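# just need the structure, nothing else, for what follows:
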Amino acid sequence: MSEIAAEMRLPTQELREDIPFFTKVLGMKMDMIYPADDPSVAVFSGHGLRLRIDKDAPEAPGTLRILCDDPDGFADGQRLLTAPNGTRVEIEERHPPLVMPKTVHSFVVRRLKDQAPWIIGRAGMHYRDLVPDRLGGSIIASHIRIPDGGPVPDMVHFHRVGFQLIFCIHGWVDVVYEDQGEKMRLTAGDCFIQPPEIRHRVLEASDNVQVIEIGVPAEHVTEIDHEMTLPTPHLRPDREWQGQRFVYNQAEGAAWQPFRLPGFEARDTTIATNTKGVAGVQVVRPAAGGADPVWASHDSDIHFTFVMNGAVTLEGEGRDPYPLEEGDAFVIPPGMKTRLSGASGDLELLEVSLPGVFNTTVSQSA
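Here you go, the predicted model:
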């Protein structure tokens, strides 16, 4: 196969002024210059770029962004420069620290029958937004579906994220993860915790597979890893990524215990333990014998619930009751009294909280 190269063309007024800027200030190499008697074109390379500086170029000077691990040690600490030819140069961190926005608390109810639009996102998957205001940017909760089964056109990728949950509510999906062995099949009731930056790839899905995906913060970067091949040769189930372990929790055979609210029971997904308290995920259903509904409040920063099956009425202080059914979701802010009443026998809820351990206060009235 013949060799192919690409370059970006930028204009110049006086090439002799640009040469020291691109070579000495930006640390690039000059690969070519001509004509010898009165140079008007030079080519520079470096930092993954190849630039052609040309006196006859009709383009505007444009902007270059140079990303580095130590931006303050590059170009004598200057973070914004202008080349003699007018090109703007921004010096930025290659991997800026993850910023966790302060939660803007609100009471949110999102119902499937309200017909929120499905948006086609990455790898052809359909996304439905469950928390439109994102609580000030602190969380994104998506109902994701892949209508047509078969191989998924995904690539090895990872997310620069603080916490991420994938919970299957219908069908199945095969995913392979870095250092976790061969592909794993997620079926209804199962979930994965994807620690920050773990490489993974979605391989195949059943018809109409549906998952709930929770990401914190709401805006986070997905990067493609073109070098890694999955599965990786090493099996390291106890490896940690930024203090979190990968979790593959299966519904089959799980133990049920009393829930924090009387009349319900829950199965813990071990996520609070494996994220060192960053988040907690439980599946909740009515307990045998039941109990009278109680008013309760919590002190969790983020408290999200999705109705996976059945029906229930959500009551909140100062609010009209919300009859909820499969596909609906709600967020309860800390300190707000609510209660769940009229639960159907087949009710099943997915509860996600950040942090993973929090306090619940039960009251006799609103």
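# every contact and neighbour count from this point should use C-alpha atoms.
OK.
# ok, which stretches of the stretch 1-150 of the chain are helices?
15-20 (DSSP state H, counting those that start in this stretch).
# so what touches stretch 70-77?
Residues from elsewhere that reach stretch 70-77 (CA atoms under 8 Å, 6 or more residues apart in numbering): 25-26, 68, 78-79, 91-93.
# out of the residues you listed, which is most surrounded?
residue 91 (21 neighbours; other CA atoms under 10 Å).
# coming back round to it: as CSV, the contacts of stretch 70-77 with distance to residue 304 and pLDDT would be great.
Formatted as CSV, those follow (distance: CA to CA, whole Å; pLDDT from 0 to 100):
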residue, distance to residue 304, pLDDT
25, 50, 96
26, 48, 96
68, 37, 93
78, 44, 94
79, 40, 95
91, 39, 96
92, 35, 95
93, 33, 93
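# what's the closest of these to residue 337?
residue 93 (43.6 Å; CA to CA).
# could the contacts of stretch 70-77 go into a markdown table alongside distance to residue 108?
Output for those, formatted as a markdown table (distance: CA to CA, whole Å):
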| residue | distance to residue 108 |
| --- | --- |
| 25 | 52 |
| 26 | 49 |
| 68 | 40 |
| 78 | 44 |
| 79 | 41 |
| 91 | 40 |
| 92 | 37 |
| 93 | 36 |
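# in strands only, show me those.
68, 91-93 (DSSP state E).
# TSV for these, including distance to residue 301?
Output for the ones in strands among the contacts of stretch 70-77, formatted as TSV (distance: CA to CA, whole Å):
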residue	distance to residue 301
68	34
91	35
92	32
93	30
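# of those, closest to residue 143?
residue 93 (32.8 Å).
# can you pull the contacts of that closest one?
67-71.
# rerun that using 6 Å as the cut-off
67-69, 71 (CA atoms under 6 Å, 6 or more residues apart in numbering).
# got it, and residue 41?
Residue 41 touches 33-34, 53-54, counting by CA under 6 Å, 6+ apart.
# rerun that using 10 Å as the cut-off
For residue 41, the contact set (CA atoms under 10 Å, 6 or more residues apart in numbering) comprises 9-12, 15, 32-35, 52-57.
# quick check: bridge partners of it?
As for beta bridges, residue 41 partners with residue 34, residue 54 under DSSP bridges.
# ok, the residue nearest to residue 236 when sequence neighbours are not counted to residue 261 distance?
Nearest-residue entry for residue 236: residue 179, 5.2 Å, with adjacent residues in sequence omitted and distances by CA to CA, 6 or more residues apart in numbering. Separation of residue 179 from residue 261 (CA to CA, to the nearest Å): 38 Å.
# run through this protein and note the low-pLDDT ranges.
1, 123, 366 (pLDDT under 70).
# domain map for it?
Following automatic domain parsing, one gets these domains for the chain: 8-93, 108-249, 257-363.
# and the last one, how far out from the chain's middle?
This means domain 257-363. 23 Å (CA atoms, centre = their mean, to the nearest Å).
# cool, the first one as well?
When distances are taken as CA atoms, centre = their mean, domain 8-93 is centred 35 Å away from the chain's centroid.
# ok, and for whichever strand or helix holds residue 273, which residues are buried?
For residue 273, the host element (DSSP states H and E) is helix 271-274. For helix 271-274, the neighbour count (16 or more other CA atoms under 10 Å) marks 271-274 as buried.
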